[in-house]
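A.B. asks: Kindly return the folded structure for what I paste below:
(2 chains)
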Amino acid sequence: MLTDAEVLKLAEPIFSKVLGPLGFSRASVLSGFDQDGDKAFFIDAYFEPGSNIVNGKALVEARGQLHDALTALGEERFPYVSYRLPGEPEPLSDDVDELAPPH
Amino acid sequence: MRQIKHRIVRELIQSAHARLESGPTRPNQTALRRSVSDSYYAVFHAVCYLTADGLVGWNTPWESFEPIYRSLEHQDAKKRFATPEVASLGPEVRRIGEILRDLIKERHTADYDPRPFATNKAETLARIAQAEEAIDLIETLPKATYRKLAVLLIAKPRRS
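C.D. replies: Now for the predicted structure:
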């Protein structure tokens, strides 16, 4: 079983290669359990603020290459990848006690 | 190129986009949640369509098409795509399964987790783009792969 650090070491070069043109900057990995109780890796891939990350083909390819690499090493845990773009406006709160700011 | 004939698939993708574009410049969290949910259901319906179209064909009367279409359950889809038999059908099939699995998790969070939804508009658009990629991949699978995948997603696994 790979450690989170080992998965990160595997993920960052793949993401740099596939997602570098989209502005990929770094990743983080945390192992845990998904909503069904299955063991998994939860990976956040961060991009430079202002990047255009809406490229389904590249995002799917990056996770796919990582999953294939993990499988080749005998790792059965699935890599869930969230693509994070800092600096974007936060969504409006759904809490009725918080006033929505003017827009 | 094969086209998914069931309109619900592409219309759910349009709905996912529309939820983000209507209303204030900054979407509210409910709109983001529903957009993620629409994206998941678009892919799930595309996979259900694949199973029924691959096994009995879209032009089959509903009484034959519908039972196949509805025989794949959400949990089954996650498990079946993870089997070595399905994975061996090729990278395109593995990518479809990965997108579906990822969206299952996101849909679960979007629909059931009451904490603030930690995904912004750009990140949600990236999820929709991945859902669209899954649909494109399904539409471009070679005919033999399409049919084998339909069988493997529906047929009861053999016990050795």
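
A.B. asks: What is the helix or strand hosting residue A:15 packed up against?
C.D. replies: Assignment of secondary structure by DSSP states H and E places residue A:15 within helix A:4-19. In terms of contacts (3 or more CB pairs under 8 Å, 6 or more residues apart in numbering or on different chains; DSSP states H and E), helix A:4-19 is packed against strand A:24-33, strand A:39-47, helix A:56-72. Heads up, the C-betas are built off the backbone N, CA and C, glycines and all.

A.B. asks: Need the ones you listed in TSV (columns: distance to chain B and mean pLDDT).
C.D. replies: Converted to TSV, the helices and strands packed on helix A:4-19 look like this (distance: least, CB to the nearest CB, whole Å; pLDDT from 0 to 100):
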stretch	distance to chain B	mean pLDDT
strand A:24-33	11	98
strand A:39-47	8	98
helix A:56-72	3	98
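
A.B. asks: Any chance of CSV for those, columns mean neighbour count and distance to residue B:40?
C.D. replies: Listed next are those as CSV, based on neighbours: other CB atoms under 10 Å in any protein chain shown; distance: least, CB to CB, whole Å:
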stretch, mean neighbour count, distance to residue B:40
strand A:24-33, 16, 20
strand A:39-47, 20, 17
helix A:56-72, 20, 14
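
A.B. asks: JSON lines for those, including distance to residue B:1?
C.D. replies: Formatted as JSON lines, those follow (distance: least, CB to CB, whole Å):
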{"stretch": "strand A:24-33", "distance to residue B:1": "30"}
{"stretch": "strand A:39-47", "distance to residue B:1": "30"}
{"stretch": "helix A:56-72", "distance to residue B:1": "16"}
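
A.B. asks: what's near enough to touch residue 39?
C.D. replies: Since you didn't name a chain, this refers to chain A. For residue A:39, the contact set (CB atoms under 8 Å, 6 or more residues apart in numbering or on different chains) comprises A:31, A:32, A:33, A:76, A:77.

A.B. asks: wrong chain, I was asking about chain B
C.D. replies: By CB under 8 Å, 6+ apart, the contact set of residue B:39 is B:12, B:13, B:16, B:103, B:106, B:107, B:127, B:128, B:130, B:131.
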